[in-house]
Structures are given as C-alpha cells and as structure tokens.
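Asks: how does the following fold in three dimensions:
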Amino acid sequence: MKKSIIFIYGIVAYCIFLVAFLYAIGFVGNLFVPKTIDSGVEPTLLKAILTNTILLSVFALQHSIMARPKFKEWFTSIFSPAMERSTYVLLSSLALLLVYWQWQPITTIVWEAENKIVVYFLYGMFFLGWLIVFLSTFMISHFELFGLAQIFNNLKNRQTPNPKFQTNYFYKIVRHPIMLGFLIAFWATPTMTVGHLLFTLVTTIYIFVAVKYLEEKDLKNFIGEKYENYQEEVPMIIPFTKVKK
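Replies: Residues are numbered from 1 along each chain as shown. Next up, the predicted model:
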C-alpha cells in the first residue's frame, strides 16, 4: 500500500509539473493562457517590483536548497528515497504556479519589434528555447530527472541506480543546455516590458549564480575528475565560448 501511494504521489507531482511547464510557455510568451507576464491590473511600480522579487526569490530558494546533497540526505533519512525527486518536482512546480498567480505586471515597454520578419524570428527563437529545454531532459534521463523512474522502481521493488554521467548531443555543446534553453526563451520576445525584463534579469542572474557556485560544485564533488575534464572542454551555458588549448 505504501509503495502504491508513493507511486500515485509521484504521478500527481509529474502531472502538476507538466501543467506548470506548459503554462510557463504561455505566461512568458503572452500566449494562450488567461494570466500572463504582462496581463492583469498594474499596481504601483514599487509594489510590483517588491512582490515579483519576493516571488522569484521563493522559487530560487526552494529550487536551490532542495537540490543540495545535504537536504537530500536529510529528506531521505525521514521519508522514502523514492519520494525525494518527486517532492522536489512538486514543490518547484507549486512555486512556479505561485509566481504565475501572484505576478504583478509592469507594462511599460522597453523595446518592441515592428518589423514582421523580426517578430517571427523572435517568436521562432522563443519556441526554440523551450524545445531545447524539453529535448535536453531526454538527452540525459527525463523520467529519472522528474522522479518517475524512482517511483516505478520502488513499486517493482527495484533499486534505482545512481545517475550516469552523460554528455549526449546538446551536452557536447554546453554543460547545461536546459538553462541555455530557458535563457533563449526568456530573452527572445518581440515586446519586452519592464515586468518581463525584471523576470528575465532576475532569472538570468539566478541561473548563472546557481549553476556556477552550487550545481557545478555538487557535480564536481559527485563525479570527480571526469567532470573536471568536461568543464575544461565544454562551456557552461553559452555555446562556443571555450578557447581550445
């Protein structure tokens, strides 16, 4: 019964993630969904900046703290290890949904493309960014990354092996193609408002800081010399920025 509950819990967490991920495309792109980054009643500038910064900080703290090895060790000492990744995915998704729900628009325009070719190009880059994010998850292990492999193995009384170090496809170009995809999607917009720019700047800073000073450190400690060699050969996020020796 316990294993069945954990399995259902993981499936629910994954479904909520799918909703949050798909909604993010419409939210950032001002497309399809009822509440977007530029829709809603615009409050005072100070209130909007404070509220939005707090929302993004909540997501950043949750995302970073729960991804650390010490937190994982603490969590798995209390709960089933099979639940750890699903819980991370669930709370990350809920934090994103909170951002969408409470986001305060600041609609002053920073730039706006008027040429149709430029508009189409930017929308093309926008969707390319999201495609890179999606495909990159399958170039390592999508089902393990989002906790499905763990809950399935737990249901079948199998031990989930430690993740394998893989450098497939996009991972031969940059070490973190998922983050590259997000950056492309966030910056590629034909209409950049102050609110959108705030979202993009804060998330860009967070991505570079979290990856460089937290995730890279954990990966180097976990993988060792092989990852250090990978760091020497492949740029972190921006393609073609490594100078070959």
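
Asks: list the buried residues in the helix ranked longest in the chain.
Replies: Criterion DSSP state H: the longest helix present in the chain is helix 2-29. For helix 2-29, burial by neighbour count (16 or more other Cβ atoms under 10 Å) applies to 6-7, 9-10, 13-14, 16-17, 20-21, 23-29. All C-beta atoms are positioned from the backbone trio N, CA, C, and that covers glycine.

Asks: then stretch 137-149?
Replies: Those would be 137, 139, 140, 144, 145, 146, 147, 148, 149, for stretch 137-149 by 16+ other Cβ under 10 Å.

Asks: filter the residues you listed down to the ones in helices?
Replies: Taking DSSP H as the definition of helices, the buried residues of stretch 137-149 contribute 137, 139, 144, 145, 148, 149.

Asks: picking that back up, tell me what the longest helix of the chain is packed against?
Replies: Contacts defined by 3 or more Cβ pairs under 8 Å, 6 or more residues apart in numbering; DSSP states H and E place helix 2-29 against helix 81-102, helix 116-139, helix 148-155, helix 177-187.

Asks: tell me the confidence at residue 141?
Replies: What the model reports as pLDDT for residue 141 is 89.

Asks: any idea how far it is from residue 53?
Replies: Remark: distance between residue 141 and residue 53 (Cβ to Cβ, to the nearest Å) = 34 Å.

Asks: just residue 203 next, same as before
Replies: Going from residue 203 to residue 53 by Cβ to Cβ gives 11 Å.

Asks: compare the two (neighbour count), which wins?
Replies: Neighbours were counted for residue 203 and for residue 53 using other Cβ atoms under 10 Å; residue 203 has more, 19 against 12.

Asks: the helix or strand encompassing the more buried one to helix 81-102, inter-axis angle?
Replies: If you go by DSSP states H and E, residue 203 is part of helix 194-210. Angle of helix 194-210 versus helix 81-102, following axes from the mean of the first three to the mean of the last three Cα atoms, to 10 degrees, is 150 degrees.

Asks: any buried residues in stretch 38-53, and which?
Replies: Neighbour count says stretch 38-53 has 38, 42, 48, 49, 52 buried, by 16+ other Cβ under 10 Å.

Asks: one more: stretch 188-207?
Replies: For stretch 188-207, the neighbour count (16+ other Cβ under 10 Å) marks 188-190, 192-200, 202-204, 206-207 as buried.

Asks: who touches it?
Replies: Outside stretch 188-207, the residues within contact range by Cβ atoms under 8 Å, 6 or more residues apart in numbering are 28-30, 37-38, 48-49, 52-53, 56, 60, 103-113, 118-119, 122-123, 125-126, 128-129, 179, 182-183, 186-187, 237.

Asks: whichever of the residues you listed end up buried, select them in PyMOL.
Replies: Remark: buried members of those, expressed as a PyMOL selection using 16+ other Cβ under 10 Å:
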select buried, resi 28+29+30+37+38+48+49+52+56+60+103+104+105+106+113+122+123+126+129+179+182+183+186+187+237
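
Asks: follow-up on the earlier one: now do the helix holding residue 203 and helix 2-29, the angle between them.
Replies: 130 degrees.
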